[in-house]
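Colleague: Just a sequence and a predicted model for now, questions to come.
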Amino acid sequence: MVGRGALDDRGLDLIFREARTQNSWRPDPIPEDLLRRIYDLAKFGPTAANSTPARFVFVVSKEGKDKLGPCLSAGNYEKTMAAPATVIVAYDTRFYEHLPELFPHNPDARSWFEGNEPHILETALRNSSLQGAYFMIAARSLGVDCGPMSGFDQAKLNAAFFPDGRYRANFMCNLAYGDDQKIFPRNPRLSFERACQVV
């Protein structure tokens, strides 16, 4: 059976093996055009019923950072204030309203979610997490380093950026070109034998 091909080792190194969670940054800005290119790759990642519940808020301005700062844990404050861009990966609690457009071959798809809040929130959280991971892989593939984090006050962040309550924050990720002089040693990972089963 012939597959679709595969990335070479250079591509795999860029996205996975040599990519690192960055905490220190070079001051070079991340232009809006590059943020758009990252999203335009990440949007093709699969989600349940093509629901695509993730919403991305790019915090790049001083005003945006000033609003973000009070929401951060102490350990994440300095590196986030220094990052040229921080993306809030949120989810839309009414994502199902877009299903007639996004999942057009099944006109009943909206009814799977409407009025069922536990199912809405479970689907939104799971699939926006997937989309956030796709976003980081897309960023790395375009040469942008990532520093994902969950150390923030979710209630404060939601109040500051999503006061109407429709969107809710999932996690955040700093985006920049990393300062490799200040990188931490890579932490261990579990082996296949310890983390996986073939049944």
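Modeller: Thanks, I have the structure now. All of these numbers come straight from a predicted model, not from anything done at the bench. Numbers count the residues shown, from 1 in each chain.
Colleague: on contacts alone, who are the packing partners of the helix or strand residue 157 falls within?
Modeller: Counting by DSSP states H and E, the element that carries residue 157 is helix 154-161. With contacts taken as 3 or more Cβ pairs under 8 Å, 6 or more residues apart in numbering; DSSP states H and E, helix 154-161 sits against helix 62-68, strand 85-92, strand 167-176. Any C-beta I mention is one placed from the backbone N, CA and C, and that applies to glycine too.
Colleague: go with 6 Å
Modeller: strand 167-176 (3 or more Cβ pairs under 6 Å, 6 or more residues apart in numbering; DSSP states H and E).
Colleague: So the spatially most central residue of the chain: helix, strand or coil?
Modeller: Among the residues of the chain, the one closest to the centroid is residue 132, at 2.4 Å (Cα atoms, centre = their mean). Three-state assignment for residue 132 (DSSP: H, G, I helix; E, B strand; the rest coil): helix.
Colleague: Let me see the contact set for it.
Modeller: Neighbouring residues of residue 132 by Cβ atoms under 6 Å, 6 or more residues apart in numbering: residue 89.
Colleague: gap between it and residue 192?
Modeller: 25 Å (Cβ to Cβ, to the nearest Å).
Colleague: now swap in residue 163 and tell me
Modeller: With Cβ to Cβ as the criterion, residue 163 and residue 192 are 46 Å apart.
Colleague: Next, the buried residues of the helix or strand containing residue 121.
Modeller: If you go by DSSP H and E, residue 121 is part of helix 117-141. For helix 117-141, the neighbour count (16 or more other Cβ atoms under 10 Å) marks 120, 123-124, 126-132, 134-141 as buried.
Colleague: do stretch 165-179 as well
Modeller: Here stretch 165-179 shows 167-178 as buried, counting by 16+ other Cβ under 10 Å.
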